[in-house]
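structure of the sequence below:
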Amino acid sequence: MALLSLLVLMALLIVSLFNRINIGFLALVASIGLAQLADFETSSALLSRFPSELFLTLLGICYLFGIVEANGTLETLFQYLLRATRGSLRFLPWTLFAFSATISAIGAGNIAAAALLAPLAMHASRQYRLSPLLMAVMIGNGANAGALSPLSPAGIVLSLKVRTAGFSIDPWAIFYWSLSVHFFVSFVAYFLLSGHRSKAKAELEISAASMSREQWTTLLILLSMLAGVVSGKLHIALLALLGALALNLLFPQHEDSRLSRVPWTTLLMVCGISLLVSLMELLGGSDLLSSWLSYYVSPSWLPGGLALISGFLSSFSSSTAVVMPTFIPLVPKLIDASSGIAAFKLTASIAIGAHLVDVSPLSTIGALCLAASKEGAPRLRLYKQMLTWGLCMIPLGALLCQLLFAF
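All right, here's what the predicted structure looks like:
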């Protein structure tokens, strides 16, 4: 069943590139079918593994920023962001990268950073006809560039798993390497996706005096949400839902139209895939991948091999919750099998390989960018572009980690 679950997952990824059927719906049906084929106990356990935290996070963020866009606050925030670039659209992608990396590194984490900035980035792509893929890449890579900071949730998980596994590394060194790799990939993407060719200048139209009471209230709620996330005491899903509730109570106009802005198809896609991945873990699919890695990859190719398989798993699951907790505990055994390759190099390969592919629309960060994009055919086109980009990052991440850490 472990092999079957892996084959089903790969088949769905391929089908989603050439078919308009929501891959989340297919994944839900496949999960239920596989669970029934396994046994009754697995079928019951599957229901308890529905990604409720992920669902609530996406729901809260998308609902809140649907309100933010509807009442004009999103446009106001975007004008402030343009001021940081003096209206130059050429520098906007790098501004987004820097803001996203900073918010992520100071403790908010990559998901929170992407959740806060993805609506702004996609709004910019629509208004000024910038590449939505470039916006998604800069937001995703920026968020992940700061993700492995020892102050952020992913960095904390990495340090905890390293200590639990019985070895030690310098967490700041992991962060610096990750930041460098994500900056390099973003630099290539910036030119590859023609970000440097944008010579237009946006008009700065913001005026504090022209902002309405509702917009000032919305800004206050967003700043409070950011402070709550950075403090680490409140979950971003709770903060977003509370913020949306407060705005609906204070300004109840057009509540029904606000709810319709939630991208339900994207939520179905991400949650369906997450449920299938949980079933794959339940049936031993992740263990099967690990055993293949230990058996087939030679010691000299371990950094690239670890980055490859970490990237593959991370393209449709959580780097922090699934990939790093799965592979970091294997590092001591892999060190023994490889005649003493440094633990730092293997850990860095796992972490960087996993985070580099998170622009995939099947991961949380990619899904947040996709959910903020224009509905209809543009969103479907962006989905295919982001999935292709994310899959291309798997071998690229492996190659970079092999070059950086194998010698």
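
C-alpha from now on. contacts and neighbour counts both.
Noted.

doesn't L134 make contact with Q385?
No - using C-alpha atoms under 8 Å, Q385 is not in contact with L134; the gap is 10.2 Å.

between those two, tell me which one has more neighbours.
Between Q385 and L134, counting by other C-alpha atoms under 10 Å, L134 is the more crowded of the two (23 against 17).

show me what the helix or strand that that one is a member of is packed against.
For L134, the element it lies in under DSSP states H and E is helix 132-145. Where contact means 3 or more C-alpha pairs under 8 Å, 6 or more residues apart in numbering; DSSP states H and E, helix 132-145 is packed against helix 92-103, helix 110-128, helix 171-192, helix 343-356, helix 364-371, helix 377-405.

centre of the chain versus the longest one, how much separation?
Okay, so that is helix 377-405. Taking the mean of its C-alpha atoms, helix 377-405 sits 12 Å from the chain's own mean (C-alpha atoms, centre = their mean, to the nearest Å).

return the set of buried residues in it.
379-380, 382-387, 389-391, 393-402, 404-405 (16 or more other C-alpha atoms under 10 Å).

quick one, what contacts the residue nearest the centre of the chain?
In the chain, the C-alpha nearest the mean C-alpha coordinate belongs to I365, at 2.1 Å (C-alpha atoms, centre = their mean). Residues near I365 by C-alpha atoms under 8 Å, 6 or more residues apart in numbering: 110-111, 114-115, 140, 358-359.

next, format those as JSON lines and append neighbour count and pLDDT.
Output for the contacts of I365, formatted as JSON lines (neighbours: other C-alpha atoms under 10 Å; pLDDT from 0 to 100):
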{"residue": "N110", "neighbour count": "31", "pLDDT": "85"}
{"residue": "I111", "neighbour count": "22", "pLDDT": "82"}
{"residue": "A114", "neighbour count": "33", "pLDDT": "87"}
{"residue": "A115", "neighbour count": "28", "pLDDT": "82"}
{"residue": "G140", "neighbour count": "34", "pLDDT": "93"}
{"residue": "D358", "neighbour count": "33", "pLDDT": "87"}
{"residue": "V359", "neighbour count": "31", "pLDDT": "88"}
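
Serialize the residues you listed to JSON lines and add fields for distance to L334.
Shown next, in JSON lines, are those (distance: C-alpha to C-alpha, whole Å):
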{"residue": "N110", "distance to L334": "28"}
{"residue": "I111", "distance to L334": "30"}
{"residue": "A114", "distance to L334": "34"}
{"residue": "A115", "distance to L334": "36"}
{"residue": "G140", "distance to L334": "30"}
{"residue": "D358", "distance to L334": "25"}
{"residue": "V359", "distance to L334": "28"}
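
and which of the residues you listed is nearest to Y176?
When those are compared for distance to Y176 (C-alpha to C-alpha), N110 wins out at 15.5 Å.

right, and that closest one touches S149 too?
No - when contacts are counted by C-alpha under 8 Å, N110 is not listed as touching S149 (10.2 Å).
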